[in-house]
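*Asks:* What would the 3D arrangement of this be:
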Amino acid sequence: LGSLMQLCSLELPGCLRVGDVGMHSIAHLRSLLSLDLRGCSLITDQGMKAFCSLSSLRSLDLPGCVRITDLGIAELAKVTSLRYLNLSELACITDQGVKSLAGGLLSLEYLVLAGCVRVSDAGIDFLSELPLLYMLHVEDCPLVTEEGAIALEGRSNVTVIRYRV
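*Replies:* Numbers count the residues shown, from 1 in each chain. Here you go, the predicted structure:
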């Protein structure tokens, strides 16, 4: 990876062999602004620890990285430069993981939690603490109700998308 040290964007969607070891290699790409790892289902909470060194990372796609739990999300919350985060279809994420995000990602503007079936109204309520968040996708989150979405919108500048357009 030595010749790629100035790489700004990396897209590896569906690379089924990318796992935690690959994450530690990617962590050396300090200029990385955007990373797409959708469908890299071998990445676990251990691999999330590698993200801490990516202090320039602004955009991260992790849909379908089904081995990531709240523990990994707590590690991810240390990447305070993130502005866009897609965690679609991460069924192991709960309200506790959302609370971790709200406590760390103060620059976050756009969050996708579509298909995170264990996230509820209580979880999205924590997101009112994010001053720059303006868009939240919670399609296919059965524990997020219309009332919860309206309550969040009433306390913040967030637009909550509950249904697929």
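*Asks:* C-alpha only now, for contacts and for neighbours.
*Replies:* OK.
*Asks:* quick one: least confident helix or strand in this structure?
*Replies:* Among the helical and strand segments of the chain, the one scoring lowest on mean pLDDT, DSSP states H and E is helix 20-26, with a mean of 91.
*Asks:* Just give me how far it sits from the chain centre.
*Replies:* 17 Å (C-alpha atoms, centre = their mean, to the nearest Å).
*Asks:* Which strands and helices lie in contact with it?
*Replies:* Counting contacts by 3 or more C-alpha pairs under 8 Å, 6 or more residues apart in numbering; DSSP states H and E, helix 20-26 packs against helix 45-48.
*Asks:* now the helix it packs on, how far from the centre of its chain.
*Replies:* Distance of helix 45-48 from the chain centroid (C-alpha atoms, centre = their mean) equals 13 Å.
*Asks:* thought residue 103 was touching residue 75?
*Replies:* No: applying C-alpha atoms under 8 Å, one finds residue 103 not in contact with residue 75, separated by 11.6 Å.
*Asks:* Comparing these two, which shows the higher neighbour count?
*Replies:* Per other C-alpha atoms under 10 Å, whichever of residue 103 and residue 75 has more neighbours is residue 75, with 21 against 17.
*Asks:* Just to be sure, that one is in a strand?
*Replies:* No: using DSSP: H, G, I helix; E, B strand; the rest coil, the assignment for residue 75 is helix, not a strand.
*Asks:* Can I get the least confident helix or strand of the chain in PDB, CA atoms only?
*Replies:* The C-alpha trace of helix 20-26 is given here as PDB (Å, rounded to 0.1, in the frame of the first residue of the first chain):
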ATOM      1  CA  ASP A  20     -10.200  -7.400   9.800                       C
ATOM      2  CA  VAL A  21      -6.600  -7.900   8.400                       C
ATOM      3  CA  GLY A  22      -7.600  -5.800   5.400                       C
ATOM      4  CA  MET A  23      -8.900  -3.100   7.700                       C
ATOM      5  CA  HIS A  24      -5.600  -2.800   9.400                       C
ATOM      6  CA  SER A  25      -3.900  -2.300   6.000                       C
ATOM      7  CA  ILE A  26      -6.500   0.300   5.000                       C
END
